[in-house]
Structure formats: structure tokens, C-alpha cells
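predicted structure and sequence below. I'll ask about it afterward.
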Amino acid sequence: MNIEGKTVWITGASSGIGEALTYALNKRNCKLIISSRRVHELQAVRSNCQNKDAVSIVPLDLAAYESMPERVQQVVAEFGPIDILINNAGLSQRSLIAETAIDVYKKLIDINYLGTVAMTKALLPHFITNKNGHFVTVTSLMGKFGSPYRSGYCGAKHALHGFFDVLRMEHAKDGIGVTLICPGFVNTNVAKNALTADGSSQNTQDKATQNGLSVETFAKKMIRAIEKEKFEAYIARKERMGIYLRFFPKLLHKVVLKSTVK
């Protein structure tokens with residue numbers, strides 16, 4: 001697939017990976033719909049684009065997933081056929097299981113899983129009718145194996161893999177593709193915004209996150225994976241080795257526990 005000129009809807013576009021994707025795809029002459037809860041930040045992203053006229057802002061809160069069918073219908077009616085949906089929005093976590101309030105787990109599931117599923121389901125009939133469409137979902141390496149302090153985050157990301165693997169199986173016949181993007185550490189605010197045990201934000205940066213891939217490098221690799229229509233892409237540095245160690249669960253367990261990552 002050549003992404004040039006495609007109509008792409010990006011969630012979580014106000015910062016980090018979503019922002020970098022917006023700039024990169026704008027240079028590829030894509031017609032972009034960018035979404036997040038923070039309209040002011042979206043406006044700043046749009047103003048930084050080379051071709052601002054090709055970027056439209058649609059405020060969106062994944063937690064309000066019950067209203068997603070109506071919201072998606074409005075967007076399709078206003079902007080016409082959509083080629084690619086990039087499910088990028090989400091929240092991380094930094095807290096021990098024994099200390100974490102159940103409401104924190106609910107919020108992680110509501111936003112990372114149910115919100116993404118609701119948006120995908122709402123757009124699915126549009127893709128089926130057009131016999132064309134590509135769902136790109138940013139999960140995590142934590143969607144393939146676990147790590148301490150991220151139990152709820154890992155659970156939600158694992159769930160996304162289960163859902164989208166089945167979506168791919170059920171709708172390949174309709175010309176619909178699914179790509180799961182699994183980042184390792186990327187230098188974004190994901191750690192600062194991560195939920196702690198009581199639901200408040202961590203507000204500090206992880207060393208591993210700070211030393212992660214730049215968002216610009218990540219976006220280039222992600223776009224390449226989309227164009228190759230990969231089922232899954234693992235975009236990371238040495239933490240990528242965890243993917244292969246999954247086949248040796250006891251060894252993976254030891255390696256993760258020995259790491260200094262929190």
C-alpha cells in the first residue's frame with residue numbers, strides 16, 4: 001500500500017506519537033482528521049503542519065464510547081470516505097497490583113480497550129461498504145508480555161491483540177486490513193501521564209522512556225510498517241528481544257525482573 005494521499009484518522013494526535021504521525025503524513029499529502037480531548041493542543045499541531053488545509057480537527061474522548069457510533073457517522077458524513085484509522089490514543093500505568101484501586105483498572109480498560117473497540121466497531125460498517133479500509137492500532141510490547149507496575153496497562157493491551165487478531169480474520173474477505181504496532185520505549189509524555197495507584201498522574205519521566213526512540217524515528221518506522229501491511233510490527237531497541245523470549249517464559253520472567261525499568 002502507498003499511503004500517499006490517503007484519508008487518515010488519527011486518535012491521540014495532540015502529542016507524542018500521534019503528533020509526529022500528523023507531521024509525517026501531512027508531508028505525504030494525506031488528508032488528515034486528528035482527534036483527542038485537548039482541542040487547544042490539536043490546534044497547535046495543525047498550525048505546525050506544512051499543509052494546514054489538509055488537516056481537520058475532531059474532538060474525541062474515548063471514555064465516552066457509548067456515543068461513538070453517532071460521532072463516527074458525523075465524521076464520515078462531513079469528510080467522506082476514510083481509508084485508515086490509526087487507534088493511537090491511550091493511557092499507561094505505574095503502580096503495584098496490591099496498591100492499585102479497582103477504578104484505575106476500569107479507566108485503563110475503558111480508554112485503552114473499550115474506547116478503541118467502540119470506535120473501531122463504529123467505523124467497521126463504513127469499511128465493509130467500501131470494501132476497503134485499514135485499522136492500525138498502537139498497542140505495546142506490553143501487549144505481548146508483561147512488566148511490573150503495568151498490570152492494568154498490560155491487560156488492556158493484551159486484550160487489543162485478541163480483538164484485532166479476530167477482526168483481521170473475520171474481515172479480510174471485505175478488503176479490510178489490520179496492523180498492530182507494538183512500541184517499546186519512545187520518548188513521549190506517556191510516563192508522565194501514567195496512572196498511579198490512586199488514579200492520579202505520575203507526573204515524572206521514566207529514564208527508559210526518556211532514552212527511548214524519538215517520535216520522529218518511530219513515526220517513520222510505523223508508516224513503513226503500515227505501507228507493508230504488516231500484521232504486527234515491533235518498533236523498539238533492545239527491549240524488542242522480549243518478543244522472542246516469550247517462547248521461553250521462565251527466561252523472560254528472569255530477564256524482566258532483573259531489569260531496572262519501573
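Now that the structure is in, tell me what you want to look at.

can you map out the helices along the stretch 101-250 of the chain?
For the stretch 101-250 of the chain, the helices defined by DSSP state H, counting those that start in this stretch cover 102-108, 116-130, 151-171, 207-210, 215-227, 241-245, 249-258.

would you single out the least confident of the ones you listed?
Of all the helices of the stretch 101-250 of the chain, helix 207-210 carries the lowest average pLDDT, namely a mean of 87.

and that one, what does it pack onto?
Helices and strands touching helix 207-210, as assessed by 3 or more CB pairs under 8 Å, 6 or more residues apart in numbering; DSSP states H and E, are absent. For every residue, glycine as well, the C-beta is placed using N, CA and C.

return the set of buried residues in that helix.
Buried positions in helix 207-210, judged by neighbour count with 16 or more other CB atoms under 10 Å: 208, 209.

what's the answer for stretch 60-75, then?
For stretch 60-75, the neighbour count (16+ other CB under 10 Å) marks 60, 62, 65, 68, 71, 72, 75 as buried.

looks like the fifth one contacts residue 59 (just checking).
What it means is residue 71. No. Residue 71 is not in contact with residue 59 according to CB atoms under 8 Å; the separation is 9.3 Å.

got the contact list for the helix or strand of the chain with the lowest mean pLDDT?
The helix or strand with the lowest mean pLDDT-type score in the chain, counting by mean pLDDT, DSSP states H and E, is helix 207-210 (a mean of 87). For helix 207-210, the surrounding residues in contact (CB atoms under 8 Å, 6 or more residues apart in numbering) are 185, 186, 187, 188, 190, 191, 261.

for the buried residues of stretch 60-75, which one is nearest residue 199?
Nearest to residue 199, judged by CB to CB, of the buried residues of stretch 60-75 is residue 62 at 16.4 Å.

make sure the closest one is actually in contact with residue 111.
Yes. At 5.0 Å, residue 62 and residue 111 qualify as touching, with contact defined as CB under 8 Å.
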